[in-house]
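K.L.:
Requesting a structural model of the entry that follows:
(2 chains)
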Amino acid sequence: MKKIRIFFKGLGYNNHYQADVFIYDNTNLIFESKTYNGHVNVCLCPNKVYKIVARSLGETIMYHIYVTNDKKYVLPFKRSIINHINNSITFRLTDYHYDNLPIERGEIILWPRM
Amino acid sequence: MAKNVIITNGTGTSELINGTYDVTSSVTGYDNTTINPNNITVVEGTDTYAFTISATGTLTLHVTDTGTDEGTPIVGATFVRTDSNGTEYGSIITTDATGNAVFNNVPFDATNAPIIYYKQTASDGDHEFSTDVLNTTLTTQTSTIQIQNTPGAVRTINLMDANYTNLPIETGTITLTN
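P.N.:
Predicted coordinates for the structure are as follows:
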């Protein structure tokens, strides 16, 4: 077994977004994890082919890799993620019962649907 | 990974890619289950998204001539919620026969309640009142504040004959309407 690192391109600025990663040996799922800082570390057998499936922001990619002496592999998400533009979005929060009365302080938390 | 947007004075900004998001909130003093809408879809060309949230507290203003619970209630005094600058929001409330006017759905919290601003806009015509922006915080779900509207000062009205200097008019009535 050999420890390798698989990087995923297209997870946003500073790899802000995560991907769910699944690795198969033939049809057997042998690894499942979320990316951390845009990558996963995994131990695989050299000279063997593995299927890598990754899912992020509603998009799924699939690659086969042949494990060689390389310790690092880079797999890109499709251009639709790479080309996403980070828009500067303004959020307004007001009191429901007093029209337009601004909420003085608080937080809105946004959970992306995968 | 969730994105936290800090809201200050009703507004917050963040960089966000297009997509659908579920929305939650953390606003002290308010019922966070009432954040509305609870999901949004960020699309190209739309850069502002508006939300509302509700509170469940009750603030009663008790208006009397002495500013105490035992004073004579002032009926018909009006109040409105404002921000710190005095800009008015929401409906005007009016004191009833007991001298009470109620702001419903105001925020409260035991330790870190938001400030509630309000001001008086009228009394009953016979009492003075302050137009200053007032403020309070609710540490419990219901609270009552005593407000004083002092009786108008005694004024002396003189009525003299226009053609005979200082000749007082014996009987008559002057009506003052504001």
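K.L.:
Please work out the average pLDDT along stretch A:44-52.
P.N.:
When pLDDT is averaged along stretch A:44-52, the result is 90.
K.L.:
Please parse chain B into its domains.
P.N.:
Domain ranges of chain B: B:1-54, B:57-148, per automatic domain parsing.
K.L.:
middle-most residue in chain B, spatially?
P.N.:
The residue lying closest to the centre of chain B (Cα atoms, centre = their mean) is B:R81, at 2.3 Å.
K.L.:
Contacts only, for that residue.
P.N.:
Contact analysis of B:R81 by Cβ atoms under 8 Å, 6 or more residues apart in numbering or on different chains lists A:98, A:101, B:88-90, B:103, B:106, B:116-118. Any C-beta I mention is one placed from the backbone N, CA and C, and that applies to glycine too.
K.L.:
buried residues in the helix or strand hosting it?
P.N.:
Using DSSP states H and E, B:R81 sits within strand B:78-82. For strand B:78-82, burial by neighbour count (16 or more other Cβ atoms under 10 Å in any protein chain shown) applies to B:78-82.
K.L.:
residues in contact with whichever residue of chain B sits closest to chain A?
P.N.:
As assessed by Cβ to the nearest Cβ, chain A sits closest to B:G10 within chain B, at 2.4 Å. By Cβ under 8 Å, 6+ apart, the contact set of B:G10 is A:92-94, A:101-104.
K.L.:
Would you agree B:I53 is in contact with B:Y30?
P.N.:
Yes - counting by Cβ atoms under 8 Å, B:I53 touches B:Y30, with 4.8 Å between them.
K.L.:
out of those two, which sits in the busier spot?
P.N.:
B:Y30 (27 against 24; other Cβ atoms under 10 Å in any protein chain shown).
K.L.:
circling back to that earlier point, mean pLDDT lowest where, among the domains of chain B?
P.N.:
Taking the mean pLDDT of the domains of chain B, domain B:1-54 comes last: a mean of 93.
K.L.:
coming back round to it: overlap in contacts of B:I53 and B:Y30?
P.N.:
Joint contacts of B:I53 and B:Y30 (Cβ under 8 Å, 6+ apart) are A:103, A:106.
K.L.:
B:T58 is in contact with B:N104, correct?
P.N.:
Yes - using Cβ under 8 Å, B:N104 is in contact with B:T58, at 5.7 Å.
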